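need a structure here:
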Amino acid sequence: MSVKIRLQRHGRKKKPFYRIVVMDSRNRRDGRPIEDLGWFDPLNDTLSLKLERFDYWIGVGAISSERVGSIAKKQKKEVLTEVKV
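Numbering: from 1, shown residues only. From the prediction side, this is the model:
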C-alpha cells in the first residue's frame, strides 16, 4: 500500500478549503482518509497542521505531495520563529 499525504478539497464553488489528510494513493481525492492532519485555507492563507503526526507519517514512508510539503515547511518555519522570540 502506497500512502500519501495530500490535500482533500472541501468548500464550495470559488471558495476552496482543504484538509490535509493521509490516504492510500489508490483512493480518489475525496475518498476516506486514514488520518486527518490539519487544514489549509488558501483564501485567507491560514493553516493548521499536526507536525508531530506529519513527521511520524514521513518517518514510516508516506510521501507528501509538493503542495503539502511546502505547507509543512511554512508551518515549521513559523514554529521556529515563535520559539526564538
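
which residues sit in contact with the most centrally placed residue in the chain?
For the chain, the residue nearest the mean C-alpha position is residue 20 (3.1 Å; CA atoms, centre = their mean). Shown in contact with residue 20 (CB atoms under 8 Å, 6 or more residues apart in numbering): 5-8, 36-40, 49, 54, 68, 71. Using the backbone N, CA and C atoms, a C-beta is placed for each residue, glycine as well.

just curious, which of those is nearest to residue 30?
Distance to residue 30, by CB to CB, is smallest for residue 8 among the contacts of residue 20, at 6.1 Å.

show me where this protein has helices.
In the chain, the helices defined using DSSP state H lie at 51-59, 66-84.

For residue 13, which of these is the nearest?
Distance to residue 13, taken as CB to CB, is lowest for helix 66-84 among the helices of the chain, at 20.3 Å.

Output the contacting helices and strands for the closest one.
On a contact count with 3 or more CB pairs under 8 Å, 6 or more residues apart in numbering; DSSP states H and E, helix 66-84 meets strand 3-12, strand 46-49, helix 51-59.

Show me what counts as buried in that helix.
68, 71, 72, 75 (16 or more other CB atoms under 10 Å).

Report the beta-bridge partner residues of the closest residue to residue 36 other than its chain neighbours.
Spatial nearest neighbour of residue 36, excluding adjacent residues (CB to CB, 6 or more residues apart in numbering): residue 21 at 5.5 Å. Residue 21 has the following beta-bridge partners by DSSP bridges: residue 6, residue 36.
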